[in-house]
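Student: Next one to model:
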Amino acid sequence: SCGELVGNGTLGDWRTHNGADYAAKAGDEVTPVCGGTVTAVTEDARWGTVVEITDQQEVLWRYCGLAEAAVQPGEGVTTATTLGKVGSIPAEGHTTAHIHLECLKEDTYQDPESMN
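Tutor: Okay, the predicted model is just below:
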């Protein structure tokens, strides 16, 4: 949302949307947009299962809304690696199934589409 507040139909408030949403069917396999190293796999109350990948340019890619992770921290991944399957995003439950992708360079959110 480029720093602009947007309405959240699930939580009933206004907040920034720091990433991009990609429509997918629940259960579809999720692969990364670029290779790198898995730096974290977490369970988040708002984002569901989250996999973080750091690429060779030290850009952090955060995949939110997986049903479960198929990778572990420290594992190297390519664009052919399955990170997990599309699950749900509790903070965005009012929408259809999708993956929320965040991209950070030097701790600043970037537009994922412009980074790859």
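
Student: What is the end-to-end distance of stretch 86-99?
Tutor: 7 Å (CA to CA, to the nearest Å).

Student: Same question for the longest strand belonging to the chain: list its buried residues.
Tutor: The residue-count maximum for a strand in the chain (DSSP state E) belongs to strand 59-69. The neighbour-count check on strand 59-69 (16 or more other CB atoms under 10 Å) flags V59, L60, W61, R62, Y63, C64, G65, L66, A67, A69 as buried. From N, CA and C alone the C-beta is placed, and that goes for glycine too.

Student: Output those residues in JSON lines; the columns should cover distance to E43 and pLDDT.
Tutor: Putting the buried residues of strand 59-69 into JSON lines (distance: CB to CB, whole Å; pLDDT from 0 to 100) gives the following:
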{"residue": "V59", "distance to E43": "23", "pLDDT": "96"}
{"residue": "L60", "distance to E43": "18", "pLDDT": "96"}
{"residue": "W61", "distance to E43": "18", "pLDDT": "97"}
{"residue": "R62", "distance to E43": "14", "pLDDT": "95"}
{"residue": "Y63", "distance to E43": "13", "pLDDT": "96"}
{"residue": "C64", "distance to E43": "11", "pLDDT": "91"}
{"residue": "G65", "distance to E43": "12", "pLDDT": "91"}
{"residue": "L66", "distance to E43": "10", "pLDDT": "96"}
{"residue": "A67", "distance to E43": "12", "pLDDT": "92"}
{"residue": "A69", "distance to E43": "9", "pLDDT": "96"}
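
Student: Just the CA trace of the longest strand of the chain, in CSV.
Tutor: Extracted C-alpha coordinates of strand 59-69, given in CSV (Å, rounded to 0.1, in the frame of the first residue of the first chain):
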residue,chain,number,x,y,z
VAL,A,59,17.0,-9.3,0.1
LEU,A,60,14.6,-11.0,2.5
TRP,A,61,11.5,-12.7,0.9
ARG,A,62,8.7,-13.5,3.3
TYR,A,63,6.0,-16.0,2.2
CYS,A,64,2.9,-15.8,4.4
GLY,A,65,-0.1,-18.1,4.5
LEU,A,66,1.3,-21.5,4.0
ALA,A,67,-0.6,-24.5,5.2
GLU,A,68,2.7,-26.0,6.5
ALA,A,69,6.3,-25.5,5.6
